[in-house]
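Peer 1: Need coordinates for the following:
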Amino acid sequence: MGFLLTDEQREFGRSLDALLTAAGTPAVLRAWAAGDHGPGRALWGRLADAGVFALAVPEAYGGVGPLPVEAAVACVELGRHAVPGPVAETLAAGALLAGAGGPVAEEWLPRIASGTAVVSLALEGYGPYALDADAADAVFTVTGDELRLAPGPGELSASADPARRLFRPEPGGAPVAKGPAIRAAARAAGDAATFATAALALGCGEELLRATVAYVKQRTQFGVPVGSFQAVKHRLADTLLGLEFARPLVFGAAVKLAEATPETGAGTGAGGGPTGAGTGTAGGPPEAGTGAGGGPTGVGPGPAVAAAKVAAGEAGYAAARTALQAHGAIGYTEELDLAWWLRRARPLRDAWGTPSACRARVLAG
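Peer 2: Residues are numbered from 1 along each chain as shown. From the prediction side, this is the model:
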């Protein structure tokens, strides 16, 4: 099994990097945190035009997916640039709604793929909050075997990252789909959200390390750059190792998700499965892609996704601690753009599966 990306996948990542660099995401983040979603929604539309959200939507509903490897490439770049909004939740909604099928899928999946709909989720077992529910066109909740559309965003709760606004969705709302397939779809959506968050955390950590290395080359003490001090070098090397060890786990989880993705509509709605391009594995004869039942080996993607999440989340948070230590007091100031990445690392570590929960899932197999 190889973990090298194809030329097309690498070019996709570079194109997103160029798009987001030109977009100036720090200004978008500040506006989003202040409740102005206009710049963020405009950026969301450009990302949709680049094909980001179509990666999670089956072809039968206007998407090109599900393509987990390409989704990982995209989420790493979105994490690197700290794109605001419910990115992981919207991608996970592709799995949830495709698994539900029926009118709700026909209504919302084409809109997700085109970027005209921003979607948030609240699933049992992952906490009561829906990220950025006030900016979402729909907030879906799952209770048992019922999928509901929340009647409103609900109450705003405090967050360590002001650009990640947490809401408790209003209870109620008429069921839009029912049945055993909803439980399976919710499991698949939970895996998808955990996986996307892991990739976002990896990208966040990589940007924190890049910015810190650049800073310690410029900041001087005793007439020399602080980056030349052995203690600083060791801290940066440890941070790099954590991120580099997390990267193959993230893409390994993408491979497992691709293997568990059906090539027909069974369990996920529709659409041809991914080809596994660039991963060294094609999505072989999968089982119903519920996130809980296996690929060709009979072992589902859940443990691999959990391993990726704990590794990437911890590595990203360690990168934030290193960045704050190396930047000194300036790291505390909101005027420094890097502060937005510093405040994002820990919420990403804990969202959609805390480290302890993910470790327990890995051990459970």
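
Peer 1: Counting neighbours, what do you get for residue 114?
Peer 2: Around residue 114 there are 16 other residues, counting by other C-beta atoms under 10 Å. (C-beta placed from N, C-alpha, C; glycine too.)

Peer 1: Spit out the contact partners of it.
Peer 2: By C-beta atoms under 8 Å, 6 or more residues apart in numbering, the contact set of residue 114 is 48, 53, 54, 62.

Peer 1: I'd guessed the second one sits against residue 61; true?
Peer 2: When you say that, I think you mean residue 53. No - the criterion here is C-beta atoms under 8 Å, and residue 53 misses it with residue 61 at 11.5 Å.

Peer 1: Residue 239 reaches residue 317, doesn't it?
Peer 2: No - the pair residue 239 and residue 317 fails to qualify as a contact (C-beta under 8 Å) at a distance of 10.4 Å.

Peer 1: mind listing what's buried in the host helix or strand of residue 191?
Peer 2: If you go by DSSP states H and E, residue 191 is part of helix 180-218. Within helix 180-218, the residues that count as buried by 16 or more other C-beta atoms under 10 Å are 181-209, 211-213, 215-216.

Peer 1: Between residue 53 and residue 61, which is the more surrounded one?
Peer 2: Using other C-beta under 10 Å as the criterion, residue 53 and residue 61 rank with residue 53 on top: 30 against 24.

Peer 1: Now do the contacts for that one.
Peer 2: Counting by C-beta under 8 Å, 6+ apart, residue 53 makes contact with 47, 63, 90, 91, 94, 112, 113, 114, 115.

Peer 1: okay, now the third one: neighbour count?
Peer 2: Neighbour count for residue 90, taken as other C-beta under 10 Å: 28.

Peer 1: Same question for the second one.
Peer 2: Around residue 63 there are 24 other residues, counting by other C-beta under 10 Å.

Peer 1: Kindly report the same for the fourth one.
Peer 2: Using other C-beta under 10 Å, residue 91 has 30 neighbouring residues.

Peer 1: got a list of what it touches?
Peer 2: 53, 55, 56, 71, 75, 192, 193, 196.

Peer 1: Can you say which helix or strand has it in it?
Peer 2: Counting by DSSP H and E, the element that carries residue 91 is helix 87-100.

Peer 1: Tell me what angle that helix forms with helix 180-218.
Peer 2: Orientation check (axes from the mean of the first three to the mean of the last three C-alpha atoms, to 10 degrees): helix 87-100 against helix 180-218 gives 160 degrees.

Peer 1: Dump the next helix or strand after helix 87-100 to PDB, restricted to CA.
Peer 2: On the C-terminal side of helix 87-100, the closest following helix or strand by DSSP H and E is helix 102-114. Taking C-alpha atoms only, helix 102-114 is exported to PDB below (Å, rounded to 0.1, in the frame of the first residue of the first chain):
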ATOM      1  CA  GLY A 102     -35.300  10.000  -0.200                       C
ATOM      2  CA  PRO A 103     -36.600  13.500  -0.500                       C
ATOM      3  CA  VAL A 104     -34.300  15.000   2.100                       C
ATOM      4  CA  ALA A 105     -31.300  13.800   0.100                       C
ATOM      5  CA  GLU A 106     -32.700  15.000  -3.200                       C
ATOM      6  CA  GLU A 107     -33.300  18.400  -1.700                       C
ATOM      7  CA  TRP A 108     -30.100  19.000   0.200                       C
ATOM      8  CA  LEU A 109     -27.200  17.100  -1.400                       C
ATOM      9  CA  PRO A 110     -27.200  19.000  -4.700                       C
ATOM     10  CA  ARG A 111     -27.100  22.200  -2.700                       C
ATOM     11  CA  ILE A 112     -24.200  21.000  -0.600                       C
ATOM     12  CA  ALA A 113     -22.300  20.000  -3.700                       C
ATOM     13  CA  SER A 114     -22.900  23.400  -5.300                       C
END
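
Peer 1: Now helix 102-114: average pLDDT?
Peer 2: Mean pLDDT, helix 102-114: 97.

Peer 1: do stretch 6-20 as well
Peer 2: 97.

Peer 1: next one: it to chain centre, how far?
Peer 2: Offset of stretch 6-20 from its chain centre (C-alpha atoms, centre = their mean, to the nearest Å): 17 Å.

Peer 1: ditto for stretch 181-201
Peer 2: Relative to its chain's centre, stretch 181-201 lies at 9 Å (C-alpha atoms, centre = their mean).

Peer 1: what are the bridge partners for residue 130, then?
Peer 2: Beta-bridge pairing of residue 130 under DSSP bridges involves residue 167.

Peer 1: Quick one, grab the pLDDT at residue 198.
Peer 2: According to the prediction, residue 198 has pLDDT 98.

Peer 1: contacting residues for it?
Peer 2: Contacts of residue 198 were listed using C-beta under 8 Å, 6+ apart, and they are 246, 249, 250, 253, 305, 308, 309, 311, 312, 313.

Peer 1: which of the residues you listed lies closest to residue 158?
Peer 2: Of all the contacts of residue 198, residue 158 sits closest to residue 313, with 20.4 Å by C-beta to C-beta.

Peer 1: Could you give the number of residues near that closest one?
Peer 2: Number of residues near residue 313 (other C-beta under 10 Å) recorded here: 31.

Peer 1: which residue sits closest to it, ignoring its sequence neighbours?
Peer 2: Distances taken as C-beta to C-beta, 6 or more residues apart in numbering place residue 349 nearest to residue 313, at 3.6 Å, with adjacent residues excluded.

Peer 1: What helix or strand is the one you found located in?
Peer 2: Secondary structure from DSSP H and E places residue 349 in helix 338-350.

Peer 1: between that helix and helix 180-218, how many degrees?
Peer 2: Using the same axes, to 10 degrees: helix 338-350 against helix 180-218 is 140 degrees.
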